[in-house]
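*Asks:* Mind looking at a prediction? Sequence and model below.
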Amino acid sequence: VCRVRREVEKPASRPGGPLSRHEAPGELRVSRAVELLLHAETLLLQRRDGRRRANRMLLQESIDCLEELVLIPR
């Protein structure tokens, strides 16, 4: 679990430049957190689409099998 730190100050206004402050353990910059969240979202959407595709194929196979059946009324 990480804590996100808001970037309130402009990077140029920090003494020593923008890279002088190191994040504390378990702390992320907002830009890095956004990057990680977007990457996680991309992976989740790819998995979801893969599952949907697999389910669609299974459904189509079931429909094809049902179309081959001949129903005989009683």
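*Replies:* Cool, got the structure. Numbering: from 1, shown residues only.
*Asks:* Check which helix or strand the closest residue to residue 4 other than its chain neighbours maps to.
*Replies:* Once flanking residues are discounted, residue 4 sits nearest to residue 33: 4.6 Å by C-beta to C-beta, 6 or more residues apart in numbering. Where you see a C-beta, it was placed from the backbone N, CA and C, and this is true even at glycine. Using DSSP states H and E, residue 33 maps to helix 30-68.
*Asks:* avg pLDDT for that helix?
*Replies:* Helix 30-68 carries an average pLDDT of 96.
*Asks:* And for residue 33, the neighbour number?
*Replies:* Residues near residue 33, counting by other C-beta atoms under 10 Å, number 15.
*Asks:* wait, I meant residue 40
*Replies:* With other C-beta under 10 Å as criterion, residue 40 counts 10.
*Asks:* now swap in residue 39 and tell me
*Replies:* 10.
*Asks:* do you know how far residue 53 is from residue 30?
*Replies:* 35 Å (C-beta to C-beta, to the nearest Å).
*Asks:* Quick test: name the residue nearest the centre of this protein.
*Replies:* residue 41 (1.6 Å; C-alpha atoms, centre = their mean).
*Asks:* got the contact list for that one?
*Replies:* Contact analysis of residue 41 by C-beta atoms under 8 Å, 6 or more residues apart in numbering lists nothing.
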